[in-house]
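J.: got a structure for you, letters missing:
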C-alpha cells in the first residue's frame, strides 16, 4: 500500500490535526507503509525524504494558521513518480485542494478527514452569514471521497444532517507511556511559584472558539473558600494570548506552548482539567488529561462528551454555563475521595484507547477503498 497525504497543517504547528498526523506518520513508518506527505514549510519543519514541504505564510486573520502556495507541476510530478494507491486529504484548504485536483486528474481513489467544526467557529469571528456557503463548499470538497473520516459520532450526525455520505469514524487514541500519572507536584509548584493546594488547568489554543470567556468568568466567580485555594495554569498560545495575559487574575499562570515531560507533569499534577470549549470534534487534550489520571470538567458538547463518562471520569456541564462549571469544580474540590476515584477511572479508560488499534483500523479502511476501486476499474475494463 502506498499512501499520499495532503494537509495544510503539520508539525511543528501544535493542534489536534497536526499531532494526529504526526502520530499517523510514525505508525506508517513503524509498519513500513510507503507514504508521501504534502504539508506547509515553516521554521522547525521535519526534514524527511517522505515529506514534501510547500512554501507558506501566516494567515493574516489567524497567524497560527498557514496559507500555502503549492507548486502544481511539482506536485503532479511527485505523485506520478510515487504512484500512490490512495490519497488522504486531511484539510480543505490550498494543499488539500491541490490533492483533490490531482487525485481526480490521475484517477487515484480519495479519502478525506473532517477535523474541525468550521461552522461553529464562524460565530466567534462575527461571520455567521458565511455558514450557508461554508457548508456548500465543504459538501462539494468531500463529495468525491470514497470515505470521509470523522473523530466522533456527534460529528458524524452533524455531517449526515448536511447531506454528506460515506462517513466513517476515525477516533483518536493516547500514548499512555507518554501521558501518565506523576508525582512531581513539588517541582511544578516550584517552577511556577505556586503556593495554593489546588491546580486547575486549561490546555489548548487561546482563541475565541475555545470559550475561554466562560473559563475566565468561572475563575473570577469561584466562591471564596475555593477561590483562595486554587491556582490556574493556562497552557497554550493563540490570538487571545496578549489580551488574556494583560487581564489575568493574580492566581493565574500562562505558560505558552508546552510539550514532553513538562506538559505531562502539569496534566498529572493538576487537580482538574477545565475545558469549556463547545466546538470540539474530539478533544485530544481531554484524553491526555485522563491518561494522566486527572478528571475533567468540560462542556457537554461536540466530541468531548463522548470521551468523558459523566460522574465517573469527570463532570459535564451545560455549554457556556459558567455557574454550572463553578458548581462542578466546587463539588469535586470538596470531595477528595471522589476526585481520587475519578482519577483512577480516568486512567483505566485511557489505557483502553490505543493509537495502534485505531491506526490499524484506518489502514484497513484504506485497503477497503483501494480494493473497491480496483474491483470497479476491473469491471469497467471488461
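T.: That came through, no problem. Small disclaimer: the values here were computed from a predicted structure and weren't measured.

J.: any idea which helix is longest in this structure?
T.: Longest helix in the chain by number of residues (criterion: DSSP state H): helix 355-381.

J.: Could you list the buried residues of that one?
T.: By neighbour count on 16 or more other Cβ atoms under 10 Å, the buried set for helix 355-381 is 355, 358-359, 362-363, 365-366, 369-370, 373. From N, CA and C alone the C-beta is placed, and that goes for glycine too.

J.: same deal with stretch 250-264?
T.: For stretch 250-264, the neighbour count (16+ other Cβ under 10 Å) marks 251-255, 258, 263-264 as buried.

J.: Just send those back as JSON lines, with pLDDT, distance to residue 273 and secondary structure too.
T.: Formatted as JSON lines, these follow (pLDDT from 0 to 100; distance: Cβ to Cβ, whole Å; DSSP: H, G, I helix; E, B strand; the rest coil):
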{"residue": "251", "pLDDT": "92", "distance to residue 273": "17", "secondary structure": "coil"}
{"residue": "252", "pLDDT": "95", "distance to residue 273": "15", "secondary structure": "strand"}
{"residue": "253", "pLDDT": "95", "distance to residue 273": "15", "secondary structure": "strand"}
{"residue": "254", "pLDDT": "96", "distance to residue 273": "16", "secondary structure": "strand"}
{"residue": "255", "pLDDT": "95", "distance to residue 273": "14", "secondary structure": "strand"}
{"residue": "258", "pLDDT": "93", "distance to residue 273": "14", "secondary structure": "coil"}
{"residue": "263", "pLDDT": "93", "distance to residue 273": "12", "secondary structure": "helix"}
{"residue": "264", "pLDDT": "93", "distance to residue 273": "13", "secondary structure": "helix"}
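
J.: follow-up on the earlier one: wait, which of the buried residues of helix 355-381 is closest to residue 270?
T.: Using Cβ to Cβ, the shortest approach to residue 270 within the buried residues of helix 355-381 belongs to residue 355, at 22.9 Å.

J.: I figured that closest one hits residue 27, correct?
T.: Yes. The pair residue 355 and residue 27 passes the contact test of Cβ atoms under 8 Å, sitting 7.0 Å apart.

J.: what pLDDT, on average, does stretch 77-92 get?
T.: For stretch 77-92, mean pLDDT is 95.

J.: what does stretch 364-381 give?
T.: Per-residue pLDDT values over stretch 364-381 give a mean of 83.

J.: What sits closest to residue 317 if chain neighbours are left out?
T.: The shortest distance from residue 317 to any non-neighbouring residue, by Cβ to Cβ, 6 or more residues apart in numbering, is to residue 324 (4.3 Å).

J.: What is the most widely separated pair among the buried residues of stretch 250-264?
T.: Farthest-apart pair in those is 251 and 264; separation 22.9 Å (Cβ to Cβ).
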